[in-house]
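Peer 1: Pasting the sequence and the predicted coordinates here, then a few questions.
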Amino acid sequence: KGAPFPPQQPDLSSSFGSGSGYNSERRMNQRTIARQITLIETIGKGRFGEVHRGSFRGDNVAVKIFASHDEKSWSREMDIYRTALMRNENILGFIAADNKDRGNWTELWLITEYHELGSLYDFLSQNTLNNYDMLIFALSIANGLTFLHSEIRGTSGTLNANGNNYHCTSGYKPAIAHRDVKSKNILVKSNMECCINDLGLAVRHDSKNDEVERPPDHRVGTKRYMAPEVLDDTLNPRSFDSYCKADIYSFGLVLWEIASRTVNASAPIVDEYRQPYHEYVAPDPSVEEMRKVVVVDRCRPAISRHWNNDEYLRLMEKLVQECWYHDPGARLTALRVKKSLVAFRDSLNNEVKV
Ligand code: ADP
Ligand code: MG
Ligand code: MG
């Protein structure tokens with residue numbers, strides 16, 4: 001028999017993170033919360049249905065609405081969010097899931113914390129970054145991805161991007177691979193850290209049997225961001241680690257997007273936002289087009305020459321290249337990226353002090 005895999009949070013309504021504004025609702029049934037939400041406006045459109053800004057007793061929440069025939073996607077994403085210990089300030093905060101009866105049809109709702117600055121993709125399309133914002137964006141995503149990829153046992157503390165311990169808890173969290181890392185699946189928070197969202201394609205690691213939780217359809221995600229081994233179908237679907245390595249490749253592309261929109265003394269003006277591989281493929285590329293560019297021709301997004309004139313951008317260039325290596329085994333881990341960025345940030349802080 002044995003314990004069910006993966007462990008689940010026994011009572012979601014008691015696990016709202018501190019500072020989420022829902023602490024007073026700890027004992028409230030999550031279904032009751034959903035009934036009290038008024039939808040205000042549409043804020044996003046993805047593969048499944050729409051995302052709305054809603055209002056819950058005067059607080060903003062985000063409501064992702066699935067049609068009832070997409071129940072599998074809804075319950076999958078809810079299931080991942082409900083994995084025990086799934087709270088980190090660089091992972092989108094889950095609030096509740098519910099059905100909404102609309103008379104002739106039923107909607108399936110996922111309710112999460114709302115971030116008014118929207119996705120990283122939207123943010124970079126409209127704004128440039130300075131060196132420090134770039135560093136914190138990169139570090140906070142690396143922190144979220146490190147957390148996601150880590151198995152956590154027993155009592156553990158999680159560090160936020162400022163190096164402060166903010167979350168201490170006990171239990172067990174399996175390692176999770178995201179499988180759809182891209183700038184549209186990362187949100188910008190008002191404190192200018194990022195958080196990772198859209199966990200609908202994620203898979204968990206059953207470390208006891210060293211198995212991926214269930215045989216997943218292994219060629220999923222967004223084609224533009226697919227790792228070479230996904231594009232040429234050589235990823236070992238039974239190896240959990242191989243999914244993490246594919247996440248890191250996609251993360252490398254995201255780091256490139258962030259660095260490409262950073263202005264500083266060596267580059268006071270930068271190009272408008274462009275998606276990775278914009279110079280090689282059409283807006284909605286096929287797997288075959290991507291495979292030709294990424295696997296056969298071994299192309300990667302171009303790195304501007306000015307990156308070399310700035311210490312922040314030189315670090316980003318190194319990280320980007322060590323994340324998007326063709327050989328999955330040569331890529332950095334999320335933890336290595338995080339540690340490099342932390343060390344760099346700390347060296348800057350020391351310089352300021354001297
Ligand atoms: P899908 O699985 O359909 O891709 P996502 O969860 O990625 O849906 O959401 C689609 C878009 O909606 C995101 O790219 C983002 O622009 C917006 N969005 C989603 N969740 C939030 C949120 N909590 N706060 C603000 N915007 C959000
Ligand atoms: Mg998405
Ligand atoms: Mg999705």
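Peer 2: The structure has been received and is ready for your questions. Ligands and ions are numbered 1, 2, ... in the order given.
Peer 1: Which single residue in the stretch 51-200 of the chain comes nearest to ligand 2?
Peer 2: The minimum distance from the stretch 51-200 of the chain to ligand 2, using C-beta to the ion, falls at Asp198 (3.7 Å). C-beta here means a position set from N, CA and C on the backbone, and glycine is covered the same way.
Peer 1: I'd say that residue and Gly46 touch.
Peer 2: Yes: using C-beta atoms under 8 Å, Asp198 makes contact with Gly46 at a distance of 7.0 Å.
Peer 1: Compare those two (neighbour count), which wins?
Peer 2: Using other C-beta atoms under 10 Å as the criterion, Asp198 and Gly46 rank with Asp198 on top: 23 against 14.
Peer 1: Check the residue nearest to that one when sequence neighbours are not counted and give its pLDDT.
Peer 2: Leaving aside its chain neighbours, Asp198 sits nearest to Asn185 (4.1 Å; criterion: C-beta to C-beta, 6 or more residues apart in numbering). What the model reports as pLDDT for Asn185 is 97.
Peer 1: can you list the residues of this protein near ligand 2?
Peer 2: Contact residues, the chain versus ligand 2 (C-beta under 5 Å from the ion): 46, 185, 198.
Peer 1: Which one of those residues is nearest to ligand 1?
Peer 2: Gly46 (1.7 Å; C-beta to the nearest ligand atom).
Peer 1: separation between the closest one and Val287?
Peer 2: Applying C-beta to C-beta, to the nearest Å, the value for Gly46 to Val287 is 20 Å.
Peer 1: Also Phe48?
Peer 2: The gap separating Phe48 from Val287 is 21 Å, by C-beta to C-beta.
Peer 1: Tell me which of the two has more neighbours.
Peer 2: Legend: neighbour count by other C-beta under 10 Å for Phe48 and Val287, higher for Phe48 (20 against 14).
Peer 1: can I assume the more buried one is in contact with Asp70?
Peer 2: Yes: if you go by C-beta under 8 Å, Phe48 and Asp70 touch, sitting 4.9 Å apart.
Peer 1: What mean pLDDT does stretch 269-288 get?
Peer 2: Averaged across stretch 269-288, pLDDT comes to 96.
Peer 1: Name the residue of this protein that lies nearest to ligand 3.
Peer 2: Gly200 (3.7 Å).
Peer 1: Tell me the buried residues in stretch 199-213?
Peer 2: Of the residues in stretch 199-213, 199-206, 212-213 count as buried by neighbour count, 16 or more other C-beta atoms under 10 Å.
Peer 1: Same check on stretch 110-124?
Peer 2: Of the residues in stretch 110-124, 110-115, 118-124 count as buried by neighbour count, 16+ other C-beta under 10 Å.
Peer 1: Report the mean confidence score over that stretch.
Peer 2: 97.
Peer 1: ok, now stretch 294-303?
Peer 2: Here the average pLDDT along stretch 294-303 is 98.
Peer 1: residues making contact with that stretch?
Peer 2: Stretch 294-303 has contacts (C-beta atoms under 8 Å, 6 or more residues apart in numbering) with 226, 228, 231-232, 253, 256, 260, 276-277, 279-280, 293, 317, 320-321, 324, 326.
Peer 1: Return a PyMOL selection command for the buried portion of the residues you listed.
Peer 2: In PyMOL, a selection of the buried entries from the contacts of stretch 294-303 looks like this (16+ other C-beta under 10 Å):
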select buried, resi 226+228+231+253+256+260+276+277+280+293+317+320+321+324
